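Engineer: my questions concern the predicted model and sequence given below.
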Amino acid sequence: MAATTVTVRLTNSAERLVRMEHPWLYAESIRSASRAGEAGDLAVIFDHKKKLLALGLWDPDSPIRIRVLHRGKPRSIDRTFFAERLREALDIRAPLGAEGTSGFRVVNGESDGLPGLVLDRYETTLVLKLYTSAWLPHLAEVRAAIDTVLAPERLVLRLARAIAGACEERAGLRDGAILAGSALDGPIVFRENGLRFRCDPVHGQKTGFFLDQRENRARVGELARGKRVLNAFSYTGGFSLYAARGGAASVVSLDSSRAALDEARENFALNAELPDVARASHECVCEDAFGALARFGHERRRFELVVIDPPAFAKAKSEVGSALSAYAKLAELACGVLAADGELVMASCSARIDAEALARAIRSGAARAGRTLSEWLRTAHGLDHPVRFPEGAYLKCLWLRAGG
Ligand code: SAH
């Protein structure tokens, strides 16, 4: 536990936010603080009647000055507290084991009561990803809780880019450090809905795999039978494998990263004992997705199912406009390769763009291509990515059918 505390009073509106269970308090929400404080100090928040309102992690380095850990009665923030949160999180995810999934998000940050902290599981390896250096003084207690509740064979640490320097300076911790267990001597193989995937939790994007798309991938699998499928921004072939197992005639994985496509090929090889996977032809195209989609259009290549799952285009507010243009452009290009009655599955993981704005961008792109796309479903994250506050709902996935 952090040795020091910062006693805090909030503005009235921020007090209401905390009561509504919002986990973030920005600097402007703070009316008074007893000290300047250091990252990881425990913020002890009192309401206007001088009654304890909440406890949180103090972070002077971030615009989010406090991340709320606990509301209500006083309690210690220690391994027992963290273990309780881990157990609650595991309970929610209990159904996943039965469906043949051994890679999933165990803790989804704020929405599982541990703000700024993500814990992913790949078989017996756990990957702890921190988004604030305020966790550093609590790391020993968090690790003790992880050992008690999950007893992993290995624990890998990943650090958000913004805090990597501070973590190295303050605690000598580097992105990719192995906190417990042996070093990895190759990729981990885990299962998702019975499919086998490789992942490299030390060097891979995020914690090695995009776990948030599991349920959307399963749906793509259900739509794929007999179809020519294009998976743009494929990374290591998640959607591609589900399409192949679902009986796709052919699958194209398109990504600008050669390393990701090499992994996609390996993932196909790993599942080759499944007859539908072995039967589907799989082509990897290493190219900019915008350029390749345009080229396929000119070449009159057609697909009955197109999946577009790009990286977050709008990381900052100032990028929202250009991101919406990019989504519109992708929809326009997708229309150029969609067969009559083809299906388009388009995802956005930009938290600043909501489903409605994405839908508008897609419609305008389709209109430019002279086609109509009828939306028939909207989906989001899987059950291991609960969302308990508006900013946590970053993933939207729209399912559309092309006319004519
Ligand atoms: N759909 C994937 C996750 C996509 S992550 C899954 O289910 O696992 C985004 C991917 O987009 C990354 O693999 C990245 O290499 C790729 N990428 C980023 N910009 C790109 C571009 N302009 N053209 C093609 N691929 C791109």
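Structural biologist: Yes, it's here.
Engineer: going forward, measure contacts between C-alpha atoms and count neighbours the same way
Structural biologist: Noted.
Engineer: could you pull out the helices for the protein?
Structural biologist: If DSSP state H is used as the criterion, the helices of the chain fall at 12-19, 79-92, 95-98, 139-150, 161-171, 214-223, 238-245, 258-270, 275-279, 289-298, 320-335, 355-368.
Engineer: looking at the ones you listed, which is closest to Y394?
Structural biologist: helix 355-368 (9.4 Å; CA to CA).
Engineer: hmm, who's touching that closest one?
Structural biologist: For helix 355-368, the surrounding residues in contact (CA atoms under 8 Å, 6 or more residues apart in numbering) are 324-325, 327-332, 335, 348, 372-373, 378, 396-398.
Engineer: follow-up on the earlier one: now the helices of the chain in JSON lines, with mean pLDDT, mean neighbour count and distance to R67?
Structural biologist: Conversion of the helices of the chain to JSON lines gives the following (pLDDT from 0 to 100; neighbours: other CA atoms under 10 Å; distance: least, CA to CA, whole Å):
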{"stretch": "helix 12-19", "mean pLDDT": "97", "mean neighbour count": "16", "distance to R67": "10"}
{"stretch": "helix 79-92", "mean pLDDT": "98", "mean neighbour count": "17", "distance to R67": "15"}
{"stretch": "helix 95-98", "mean pLDDT": "88", "mean neighbour count": "14", "distance to R67": "29"}
{"stretch": "helix 139-150", "mean pLDDT": "98", "mean neighbour count": "18", "distance to R67": "16"}
{"stretch": "helix 161-171", "mean pLDDT": "95", "mean neighbour count": "14", "distance to R67": "16"}
{"stretch": "helix 214-223", "mean pLDDT": "98", "mean neighbour count": "19", "distance to R67": "28"}
{"stretch": "helix 238-245", "mean pLDDT": "98", "mean neighbour count": "29", "distance to R67": "33"}
{"stretch": "helix 258-270", "mean pLDDT": "97", "mean neighbour count": "19", "distance to R67": "34"}
{"stretch": "helix 275-279", "mean pLDDT": "98", "mean neighbour count": "18", "distance to R67": "45"}
{"stretch": "helix 289-298", "mean pLDDT": "98", "mean neighbour count": "16", "distance to R67": "37"}
{"stretch": "helix 320-335", "mean pLDDT": "97", "mean neighbour count": "22", "distance to R67": "25"}
{"stretch": "helix 355-368", "mean pLDDT": "97", "mean neighbour count": "20", "distance to R67": "26"}
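Engineer: figure out which of those is closest to L53.
Structural biologist: Within the helices of the chain, the stretch nearest L53 is helix 12-19; the backing value is 8.0 Å (CA to CA).
Engineer: quick one: list the elements packing against the closest one.
Structural biologist: Other helices and strands packing on helix 12-19, by 3 or more CA pairs under 8 Å, 6 or more residues apart in numbering; DSSP states H and E, are absent; none qualifies.
Engineer: re earlier: and the helices of the chain: which comes nearest A39?
Structural biologist: When these are compared by CA to CA, helix 161-171 sits nearest A39, at 10.0 Å.
Engineer: let me know the closest of the contacts of helix 355-368 to R85.
Structural biologist: Relative to R85, the closest of the contacts of helix 355-368 is K396; by CA to CA it sits at 26.4 Å.
Engineer: what about the residue nearest to the closest one when sequence neighbours are not counted, distance to the ligand?
Structural biologist: Using CA to CA, 6 or more residues apart in numbering and skipping the chain neighbours, the partner closest in space to K396 is A380 (4.7 Å). Taken as CA to the nearest ligand atom, to the nearest Å, the spacing of A380 relative to the ligand amounts to 13 Å.
Engineer: need the phi and psi values for A380.
Structural biologist: Backbone dihedrals for A380, given as degrees, to the nearest 10, come out at phi -140, psi -140.
Engineer: my guess is it meets C397, correct?
Structural biologist: Yes: with contacts counted by CA atoms under 8 Å, A380 reaches C397, the gap being 5.8 Å.
Engineer: quick one on the thing from earlier: redo the helices of the chain as TSV? Include distance to the ligand.
Structural biologist: Listed next are the helices of the chain as TSV, based on distance: least, CA to the nearest ligand atom, whole Å:
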stretch	distance to the ligand
helix 12-19	33
helix 79-92	23
helix 95-98	18
helix 139-150	25
helix 161-171	17
helix 214-223	7
helix 238-245	5
helix 258-270	6
helix 275-279	17
helix 289-298	4
helix 320-335	10
helix 355-368	17
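Engineer: give me the neighbour count for E28.
Structural biologist: 12 (other CA atoms under 10 Å).
Engineer: which residues does it contact?
Structural biologist: For E28, no contacting residues are found, by CA under 8 Å, 6+ apart.
Engineer: sorry, back to before: OK, contacts around the residue nearest to K396?
Structural biologist: If you count contacts by CA under 8 Å, 6+ apart, A380 has them with N216, A393, L395, K396, C397.
Engineer: mind running it again at 7 Å?
Structural biologist: A380 makes contacts with L395, K396, C397, as judged by CA atoms under 7 Å, 6 or more residues apart in numbering.
Engineer: and the closest residue to T379 other than its chain neighbours, how far from S350?
Structural biologist: Nearest residue to T379 in three dimensions, chain neighbours excluded: C397, at 5.1 Å (CA to CA, 6+ apart). Separation of C397 from S350 (CA to CA, to the nearest Å) stands at 11 Å.
Engineer: again, but for V149
Structural biologist: From V149 across to S350, the span is 33 Å (CA to CA).
Engineer: and if you look at A280?
Structural biologist: Using CA to CA, one obtains 32 Å as the distance from A280 to S350.
Engineer: ok, S256 next?
Structural biologist: Look at S256 and S350: by CA to CA, they are 19 Å apart.
Engineer: so those two - more neighbours on which side?
Structural biologist: The neighbour comparison of S256 against S350 (other CA under 10 Å) goes to S350, with 21 against 17.
Engineer: close enough to count as contact, that one and Y394?
Structural biologist: Yes: contact criterion CA atoms under 7 Å: S350 and Y394 qualify, at 5.9 Å.
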